[in-house]
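*Asks:* My questions concern the predicted model and sequence given below.
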Amino acid sequence: MKPLNVALIGTGFMGKAHSIATAVVPILFGAPVEVVRKVVVDIDEELARNAAKTYGFEEYATDWREVVNRPDIDIIDICTPNDTHAPIGIAAAKAGKHILCEKPMSMTVAEAEEMQAEARKTGVVTMLSYNYRHTPAIQMAKRLIEDGRIGKILTFRGHYLQDWGADPMAPLSWRFNKAKAGSGTLGDIGTHIVDAARMLVGEFEAVNSIVKTFVPERPLPSGRFFGQRGEASSEMGKVDVDDAALTMIQFNNGAYGTIEVTRNAWGHHNQLGFEIHGTLGSIAFDYQRLNELRVAFGEDAKSDTFGWRTVYSGPNQPYGDLLWPIAGMGQGYIDVKSLEWYNFLKAIAEKREAAPNFADGVQIERIAEAILKSGETRQWEKIDQSAV
Ligand code: SOE
């Protein structure tokens, strides 16, 4: 296969992470297909120029529309704020480019469905950056479930807790603005745990939620503002998105569960985690100990040392052939982002769908929208499961 030219759109936190991933995939895992870091795009020319230099792209540009339609570009990597995912994704799909898109997929379900419809027409490979699912320990959980090791799943308890929004004087980044972000904590981090729950347990039938905004106003940022960091000004602005959601879930397969998400939980910096209880055993994962999966099997129940035990990611687990040869050597955030890119490139090289793809993204958007709706109606909301 000929080398594929990548256009990265967006130079912030995610642009940086994706650039490192495309640089290290061939060294860490071996590239399923060679990628050329061709052009990086940012509406701010200075940021684009600097990114080309530091992230290692051949060229820079300021207009994503021109780049998306360039015949020499094969992959569009969308790392911009949420309000631009749909316009870029739709244009890229129409132009026949493979697409890796940061989460959440879009601002609304309707936008997500349009992105998927266009991608289906041209048959491009699509992937959404729900990166945590590629963590080796989470893939180990998936394998244990698929192999029947914990039996039939009864319950799922998931959470994604952060604390960068806990300080009411933390500046109002675009992530607190509905017009830019679509939703708040739910779209930003809740969708990651929804992705994990769908992958591990199955499809959501209905949800019943409490949704809260704890901090209705925040200081506007002063000067250029990157991600969560930045100085506050003395002027206040309105927060019009959710800070937190607590959701009960009924899965199609009869299991039930809960998901709790907030960016206002002091002490929890980036704590995506879950416990899954089955008829034969239990599994637990905590991203702040991402190399570990905790397991407890009922067959050990009569032993006087029965209890949870910790399994470290290593050669015996999923991706074992790609990881360091000794268990417990450890992976980090960039390893997981790199596994995401590896899986995306492998799908392109093997001419098959990637996971999670735009169809998964549509379903996650439907679930997120139902959670928000249920927060208003305070009733169970059924999830639309029609095929896309
Ligand atoms: C901010 O909450 C953020 O950067 C999210 O946008 C990412 O998806 C998450 O992985 C880390 O935190």
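*Replies:* Structure received.

*Asks:* Now for residue 166, how many residues are close by?
*Replies:* 17 (other C-beta atoms under 10 Å). To be clear about C-beta, it is placed using only N, CA and C from the backbone, and glycine gets the same treatment.

*Asks:* for the stretch 1-150 of the chain, what spans make up the strands?
*Replies:* Under the criterion DSSP state E, counting those that start in this stretch, the stretch 1-150 of the chain contains strands at 4-9, 35-41, 59-61, 75-78, 98-101, 126-128.

*Asks:* Please identify which of those is closest to the ligand.
*Replies:* Among those, the nearest to the ligand by C-beta to the nearest ligand atom is strand 126-128 (11.0 Å).

*Asks:* And the closest one, what's buried?
*Replies:* For strand 126-128, a neighbour-count test (16 or more other C-beta atoms under 10 Å) marks 126-128 as buried.

*Asks:* One more: stretch 258-265?
*Replies:* In stretch 258-265, counting by 16+ other C-beta under 10 Å, buried: 259-265.

*Asks:* Let's have those residues in TSV, adding secondary structure.
*Replies:* What follows is those, written out as TSV (DSSP: H, G, I helix; E, B strand; the rest coil):
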residue	secondary structure
259	strand
260	strand
261	strand
262	strand
263	coil
264	coil
265	coil
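
*Asks:* Which two among these are spaced furthest apart?
*Replies:* With C-beta to C-beta as the measure, no two of those lie farther apart than 259 and 264, at 15.8 Å.

*Asks:* Which residues of this protein lie near the ligand?
*Replies:* Counting by C-beta under 6 Å from any ligand atom, the chain comes close to the ligand at 162, 188-189, 270.

*Asks:* Any regions of the stretch 101-250 of the chain where pLDDT drops low?
*Replies:* Residue ranges of the stretch 101-250 of the chain with pLDDT under 70: 223-230.

*Asks:* picking up where we left off before, a markdown table please, covering the strands of the stretch 1-150 of the chain and showing distance to residue 305.
*Replies:* Shown next, in a markdown table, are those (distance: least, C-beta to C-beta, whole Å):
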| stretch | distance to residue 305 |
| --- | --- |
| strand 4-9 | 50 |
| strand 35-41 | 48 |
| strand 59-61 | 59 |
| strand 75-78 | 48 |
| strand 98-101 | 45 |
| strand 126-128 | 42 |
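
*Asks:* Those: which one's closest to residue 255?
*Replies:* strand 126-128 (23.6 Å).

*Asks:* Can you spell out which helices and strands pack onto that closest one?
*Replies:* Strand 126-128 sits against strand 98-101, helix 109-122, helix 333-349, helix 358-377, with contacts defined as 3 or more C-beta pairs under 8 Å, 6 or more residues apart in numbering; DSSP states H and E.

*Asks:* what's that strand in contact with?
*Replies:* With contact meaning C-beta atoms under 8 Å, 6 or more residues apart in numbering, strand 126-128 is reached by 93, 98-103, 105, 115-116, 119, 195, 340, 343-344, 347, 354-358, 360-361, 364.

*Asks:* Buried ones from the residues you listed, can you make that a PyMOL selection?
*Replies:* Paste this into PyMOL to select the buried members of these, with burial taken from 16+ other C-beta under 10 Å:
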select buried, resi 93+98+99+100+101+102+103+105+115+116+119+195+340+343+344+347+354+355+356+357+358+360+361+364
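
*Asks:* Might you report the residue contacts of residue 18?
*Replies:* By C-beta under 8 Å, 6+ apart, the contact set of residue 18 is 8, 77, 79, 100, 337, 341.

*Asks:* try 10 Å this time
*Replies:* If you count contacts by C-beta atoms under 10 Å, 6 or more residues apart in numbering, residue 18 has them with 6, 8, 10, 37, 55, 77-79, 100, 102, 129, 131, 337-338, 340-341.

*Asks:* Per-residue pLDDT of the nearest residue to residue 128 once chain neighbours are set aside, please?
*Replies:* Spatial nearest neighbour of residue 128, excluding adjacent residues (C-beta to C-beta, 6 or more residues apart in numbering): residue 361 at 4.6 Å. We have a pLDDT of 98 for residue 361.

*Asks:* what do you get for residue 34?
*Replies:* Here the pLDDT value assigned to residue 34 is 97.

*Asks:* Done for today, thanks.
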